[in-house]
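Chemist: Kindly return the folded structure for what I paste below:
(chains A and B)
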Amino acid sequence: AQSVTQPDIHITVSEGASLELRCNYSYGATPYLFWYVQSPGQGLQLLLKYFSGDTLVQGIKGFEAEFKRSQSSFNLRKPSVHWSDAAEYFCAVGSTSGTYKYIFGTGTRLKVLA
Amino acid sequence: GAGVSQSPRYKVAKRGQDVALRCDPISGHVSLFWYQQALGQGPEFLTYFQNEAQLDKSGLPSDRFFAERPEGSVSTLKIQRTQQEDSAVYLCASSSGRSSYEQYFGPGTRLTVT
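Modeler: Numbers count the residues shown, from 1 in each chain, chains lettered A, B, ... in the order given. A predicted model of the protein is given here:
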């Protein structure tokens, strides 16, 4: 069965520091992968997606992610974090069972210190 | 519309009451999804519609949960005889169908069962 693991429940970084959020997936073929951000009281906003091709994908708000098939990972990175990046981040894999549903990780809550 | 809208945003129900949650997808989007997000967890798939057809309801946790999309646009998620374990945020998402892997989420309805 497909699954997504986000090993870090909470991460705290200082403003201006770099950020990496980990995501590992379990899937038999090339997955469709996503990162979403959720601010308090808000819905999920798509940061970036990977379907195929270049393994380094660029997203909104200065985020990028790298797909590494050998490590079954799709880690999210940002070179310099802003206080407004404090939120919860979810990694998801798109099911290919025909219904296009997402399977989400449990999320990583990011705290940014001024 | 500009985005996916959901109503009500907050709902408090007494145990045993029936509730109905509404989702207005982005205009023209053929695919519609419902997810349940328990506190501190990632969203979990409930059901999927393509136009008015409910193609996957494998995630509905019990027969107390029912979803419909009679005209292929607005959808309603109904929960009968609510229980405390139904307390969660219910997220609706839609996609164009041309790339059903990219889903746009609404702000969610927070249901609290007392």
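Chemist: Can you name the residue of chain A nearest chain B?
Modeler: Proximity of chain A to chain B (C-beta to the nearest C-beta) peaks at residue A:104, 3.4 Å away. All C-beta atoms are positioned from the backbone trio N, CA, C, and that covers glycine.
Chemist: From what I see, that residue and residue A:3 are in contact.
Modeler: No - applying C-beta atoms under 8 Å, one finds residue A:104 not in contact with residue A:3, separated by 10.0 Å.
Chemist: Please say which of those two ends up with more neighbours.
Modeler: Comparing residue A:104 with residue A:3 by other C-beta atoms under 10 Å in any protein chain shown, the one with more neighbours is residue A:104, at 22 against 11.
Chemist: Quick check: pLDDT value at the nearest residue to the more buried one once chain neighbours are set aside.
Modeler: Excluding the flanking residues, the one nearest residue A:104 by C-beta to C-beta, 6 or more residues apart in numbering or on different chains is residue B:42, at 3.4 Å. The score at residue B:42 is 94. That number is its pLDDT.
Chemist: One more: residue A:111?
Modeler: 97.
Chemist: Residue A:81 too?
Modeler: pLDDT, residue A:81: 97.
Chemist: Can you read off the backbone torsions of the residue nearest to residue A:104?
Modeler: phi -80, psi 160 (degrees, to the nearest 10).
Chemist: do the one 4 residues further on as well
Modeler: Listed backbone geometry of residue B:46 is phi -110, psi -60, with angles given as degrees, to the nearest 10.
Chemist: Residue B:35 versus that one, what's the distance?
Modeler: 6 Å (C-beta to C-beta, to the nearest Å).
Chemist: Kindly report the same for residue B:29.
Modeler: 16 Å.
Chemist: So which of the two has more stuff around it?
Modeler: Applying other C-beta under 10 Å to residue B:29 and residue B:35 shows that residue B:35 carries more neighbours, namely 24 against 21.
Chemist: Could you list the low-pLDDT ranges of the chain?
Modeler: In the absence of a named chain, this looks at chain A. Chain A contains residues with pLDDT under 70 at A:28, A:96-97.
Chemist: Chain B, not that one
Modeler: B:1, B:98-100.
Chemist: For it, which residues are neighbours of chain A?
Modeler: B:4, B:31, B:33, B:35, B:40-45, B:48, B:55-56, B:59, B:91, B:93, B:95, B:100-108 (C-beta under 8 Å from any C-beta of the partner chain).
Chemist: Just the buried ones from the residues you listed?
Modeler: By neighbour count, with 16 or more other C-beta atoms under 10 Å in any protein chain shown, the residues of chain B next to chain A hold B:4, B:31, B:33, B:35, B:42-45, B:48, B:56, B:59, B:91, B:93, B:95, B:100-108 as buried.
Chemist: Let's see which of the residues you listed end up in strands.
Modeler: Among those, the members falling in strands are B:31, B:33, B:35, B:44, B:45, B:48, B:56, B:91, B:93, B:95, B:104, B:105 (criterion: DSSP state E).
Chemist: Could you export those to a markdown table, including columns for distance to residue A:18?
Modeler: Formatted as a markdown table, those follow (distance: C-beta to C-beta, whole Å):
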| residue | distance to residue A:18 |
| --- | --- |
| B:31 | 36 |
| B:33 | 34 |
| B:35 | 31 |
| B:44 | 31 |
| B:45 | 33 |
| B:48 | 37 |
| B:56 | 40 |
| B:91 | 30 |
| B:93 | 31 |
| B:95 | 32 |
| B:104 | 29 |
| B:105 | 28 |
